[in-house]
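[1] Sequence and predicted structure are below.
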Amino acid sequence: MIYIFGCSVCKWFWPMWPDWLKAYGHQVRNFAYPGYGSQNVYWNLVNTLDDIDKEWCSYDEVIIIWPAAHRIMQWYDQEWVDTQDVRGFFPNDEGRIWFSKEPFLGMYRTHPDYPKSLAHGIIENINLIYQTQTLLEHRGIKYRMAFNQNQWLDVRPIYRPEFQLTYGDRTRLNDGERAMAQHILNIEPVGKIVDRIDWHKFIGTVDDPRDPESDHYQGIWEFFISKKEYVMYKHDTDHHACAVAQHDYALQKILHQDADQGHLRQLSLDISRDCMSMEIPAIDLAGEAESELMLAQYRTQLTQHGN
């Protein structure tokens, strides 16, 4: 069994890399969900770890894709929500958010009027990676990790005057981001945690963990934009990597196989073409981790052609 934790780069309306793993005959439980931050990933792992322990076999594996550092989640309670008068920020009128059944009690994304700093997000990510490593190694659970996108990029969305995503425009670190990375790495306790992380568990070649442009910091986003073929099949407005990029990531990066030889690659190309102008459905912004999102026609195609 492969247990997967992450955000929408692991679960979307067309087949993502975990879906291709399943189509190639691997058993998969996908605990990812769109909008998750690294805090969701960590607490979701904590919440399911006992079940994973009960089912664990020596050939099982946990794979974690860490979301972008700017996507910071925090714990809320109704007193804070009412004091700040921000009920309208939450995704539903009943105050249902993650990890709690009580109204307006639980985890949700940080309110844009109360943002955290970029440094806070990056350091929080580093700390959560180390906490997760410690937790999994204590349990004797085999794991691998990767990033959604290089965590040193400043891809915070713009909220005013209009909401605008920025991560789709970024491919390389600029001078300011390189300088920020070095300043953060020079913070003594942060540097010690970076040195204690087992970077060999990360997907990619480990060069120097203190080099913010090292290969192991490159994520699915960098994989997507690295090849003209993938970019050609990009959705008209949605920035998620297309089905063929997801297929190739599953085979090349996860299974260490030649993606071009995969018998489902032509299907991934066909789905990529079909998805380019599809309407993106509405999503429950506080949905359950194991909810199914992939459209029914693609599930059917993967079932018919898979294994």
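    Structure received. Quick caveat: nothing in here was measured; it's all calculated off a predicted structure. Numbers count the residues shown, from 1 in each chain.
[2] Now do the helices in this protein.
    17-23, 38-55, 78-84, 118-139, 175-185, 188-196, 220-225, 228-232, 243-249, 265-275, 296-305 (DSSP state H).
[3] Out of these, the one nearest residue 163 is which?
    Across the helices of the chain, residue 163 has its closest neighbour in helix 118-139 (18.2 Å, CB to CB). C-beta: built from backbone N, CA, C; applies to glycine.
[4] Average pLDDT for the closest one, rounded please.
    Averaged over helix 118-139, pLDDT sits at 96.
[5] Return the alpha-carbon coordinates of it using PDB.
    Taking Å, rounded to 0.1, in the frame of the first residue of the first chain, the C-alpha atoms of helix 118-139 are listed here in PDB:
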ATOM      1  CA  LEU A 118       7.200  34.700   4.300                       C
ATOM      2  CA  ALA A 119      10.000  33.600   6.700                       C
ATOM      3  CA  HIS A 120       7.400  32.200   9.100                       C
ATOM      4  CA  GLY A 121       5.900  30.000   6.300                       C
ATOM      5  CA  ILE A 122       9.300  28.700   5.200                       C
ATOM      6  CA  ILE A 123      10.500  28.000   8.700                       C
ATOM      7  CA  GLU A 124       7.200  26.300   9.600                       C
ATOM      8  CA  ASN A 125       7.600  24.100   6.600                       C
ATOM      9  CA  ILE A 126      11.100  23.100   7.600                       C
ATOM     10  CA  ASN A 127      10.100  22.400  11.100                       C
ATOM     11  CA  LEU A 128       7.100  20.300  10.000                       C
ATOM     12  CA  ILE A 129       9.300  18.200   7.700                       C
ATOM     13  CA  TYR A 130      11.600  17.400  10.600                       C
ATOM     14  CA  GLN A 131       8.700  16.600  13.000                       C
ATOM     15  CA  THR A 132       7.200  14.300  10.400                       C
ATOM     16  CA  GLN A 133      10.500  12.600   9.800                       C
ATOM     17  CA  THR A 134      10.900  12.000  13.500                       C
ATOM     18  CA  LEU A 135       7.400  10.700  13.800                       C
ATOM     19  CA  LEU A 136       7.700   8.300  10.900                       C
ATOM     20  CA  GLU A 137      11.200   7.000  11.800                       C
ATOM     21  CA  HIS A 138      10.000   6.400  15.400                       C
ATOM     22  CA  ARG A 139       7.300   4.200  14.000                       C
END
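[6] Nothing else from me, thank you.
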